[in-house]
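Undergrad: The following block contains a protein sequence and its predicted model.
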Amino acid sequence: MADPSKIQTPPQAGAEPRPADATASYWHPVLDSAALRDAPYAVQVLDQALVLWRDAHGLPHAWADRCPHRGARLSLGRVCAGQLECPYHGWRFADTGRCVQVPALPDFVPPAGHSAQVFAVQEAYGLIWVRLLEGPHSLPLFAAESDVGLRTVNCGPYDVATSAPRIVENFLDMAHFSFVHEGWLGERGRSAVDNYDVQQTATGLVATNCRAWQPQSNLHSTQGAMVEYRYEVTAPFAAVLTKVPPPGTTALAAWRESIALMICPVTAQSSRVWFRLAVADFDSPDAVLQAFQNTIFVQDQPVLESQTPRCLPLDPRAELHTAADKASAAYRRFLKRADIGFGTC
């Protein structure tokens, strides 16, 4: 697994990213929960280097990856007796972030100002989420998570050399199915996008009455079908797709699925992506479900990384638009309305 702190994306002329604005007040996924064990782990979100670690109770913590003493990376240290130890001079920090021991001065009692920079953190959907600034926003909602008739499994992460908004917009786009996903989610002879409905919401938008002809819309498809889609943007860099194939077109009679897209904006022009599947299939191995989703996203990735600028233009004059793009146009308006500047231009 690549360390997102090492993703380097060269800036592009004419695509200078805007400041983070309100983006830092939202929750962003940064790591698979299972990846954080006994040792500290370096991640990056919104250009901020973080160290993640678990205390003696197994609770996760997210701090700036910098010791306040001499600036060494705390992620190079270790966890000792439920405290995080700096690799340089052995300073130890309690789970509150406060330094509790300076080995060079055994009798010294560190004052409150001797503390690491602490950020809000929580676990959900099999991921660790971080918020850099206080804000009113909750974690993105994935309603299918509580559906006992569905089973969940995560796919990813995928490191993608483009902005988070570009990835969300691609997720909302049906017009590319017949070309990027030919033979799977579309075919060239049936590329027309029927009219659909878009409504703005507090978290973004909802697109309904979306229909697309798909040769193989899911793992269990037995024939091509006109599949009904419903999209919902649940946070600036998160969205949910619900797919309903017609009866009789899948090997599993009760097949239904929801797919959540959850993105870590590593830098303004690079991202880490997860999908969380909720499917009516309790028999297929995780790897089989993940392989289908992987096939689809690997088709998307090179096209996403080819788009210029990598930051998503919010000026409506910067790119051309058609009626088939109404969901992405509504998404751009939401980002502007919500003052989301990170990954846009």
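TA: Here it is on my side, so go on.
Undergrad: contacting residues around A64?
TA: A64 sits next to 48-51, 116-117, 119 when contact means CB atoms under 8 Å, 6 or more residues apart in numbering. Where you see a C-beta, it was placed from the backbone N, CA and C, and this is true even at glycine.
Undergrad: how near is it to V79?
TA: Here the criterion is CB to CB, to the nearest Å. By it, A64 lies 17 Å from V79.
Undergrad: Throw the contacts of A64 into a markdown table and include distance to L261, secondary structure and pLDDT, thanks.
TA: Listed next are these as a markdown table, based on distance: CB to CB, whole Å; DSSP: H, G, I helix; E, B strand; the rest coil; pLDDT from 0 to 100:
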| residue | distance to L261 | secondary structure | pLDDT |
| --- | --- | --- | --- |
| Q48 | 22 | strand | 97 |
| A49 | 25 | strand | 98 |
| L50 | 22 | strand | 98 |
| V51 | 26 | strand | 98 |
| A116 | 32 | coil | 98 |
| Q117 | 29 | coil | 98 |
| F119 | 23 | strand | 98 |
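Undergrad: Can you say which of these are buried?
TA: Of all these considered here, the ones buried according to neighbour count by 16 or more other CB atoms under 10 Å are 48-51, 116, 119.
Undergrad: that older thread, out of the contacts of A64, the closest to R188 would be?
TA: Of all the contacts of A64, the one sitting nearest R188 is Q48; the distance, using CB to CB, is 43.4 Å.
Undergrad: In this structure the closest one contacts L133, no?
TA: No: using CB atoms under 8 Å as the test, Q48 is too far from L133 to be in contact (10.5 Å).
Undergrad: what's the most distant pair in the contacts of A64?
TA: Q48 and A116 (13.3 Å).
Undergrad: quick one: low-confidence parts of the protein?
TA: Per-residue confidence for the chain (pLDDT under 70) gives these ranges: 1-20.
Undergrad: Helices of that one, start to end?
TA: In chain order, the chain shows helices spanning 164-172, 177-180, 286-306, 326-337, with DSSP state H as the criterion.
Undergrad: now the ones you listed as JSON lines including mean neighbour count and distance to R317?
TA: Putting those into JSON lines (neighbours: other CB atoms under 10 Å; distance: least, CB to CB, whole Å) gives the following:
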{"stretch": "helix 164-172", "mean neighbour count": "25", "distance to R317": "17"}
{"stretch": "helix 177-180", "mean neighbour count": "19", "distance to R317": "25"}
{"stretch": "helix 286-306", "mean neighbour count": "15", "distance to R317": "22"}
{"stretch": "helix 326-337", "mean neighbour count": "19", "distance to R317": "12"}
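Undergrad: Mind putting these into JSON lines with distance to P140?
TA: Below are the helices of the chain laid out as JSON lines (distance: least, CB to CB, whole Å):
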{"stretch": "helix 164-172", "distance to P140": "11"}
{"stretch": "helix 177-180", "distance to P140": "24"}
{"stretch": "helix 286-306", "distance to P140": "18"}
{"stretch": "helix 326-337", "distance to P140": "14"}
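Undergrad: Indicate which one of those helices is closest to S25.
TA: Of all the helices of the chain, helix 326-337 comes closest under CB to CB, at 14.1 Å.
Undergrad: residue at max distance from the center of this structure?
TA: Here the chain reaches farthest from its C-alpha mean at D107, the gap being 45.5 Å by CA atoms, centre = their mean.
Undergrad: how far away is the residue most central in space within the chain from C86?
TA: When CA atoms, centre = their mean is applied to the chain, the residue found nearest the centroid is I263 (1.3 Å). When distances are taken as CB to CB, I263 and C86 turn out to be 31 Å apart.
Undergrad: Show me where the stretch 1-150 of the chain has its strands.
TA: Listed in chain order, the strands found in the stretch 1-150 of the chain under DSSP state E, counting those that start in this stretch are 28-32, 41-45, 48-54, 60-64, 78-80, 83-85, 92-93, 99-101, 118-124, 127-131.
Undergrad: okay if I get those as CSV plus distance to S217?
TA: As requested, the strands of the stretch 1-150 of the chain are exported to CSV (distance: least, CB to CB, whole Å):
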stretch, distance to S217
strand 28-32, 26
strand 41-45, 33
strand 48-54, 37
strand 60-64, 36
strand 78-80, 45
strand 83-85, 47
strand 92-93, 50
strand 99-101, 55
strand 118-124, 28
strand 127-131, 26
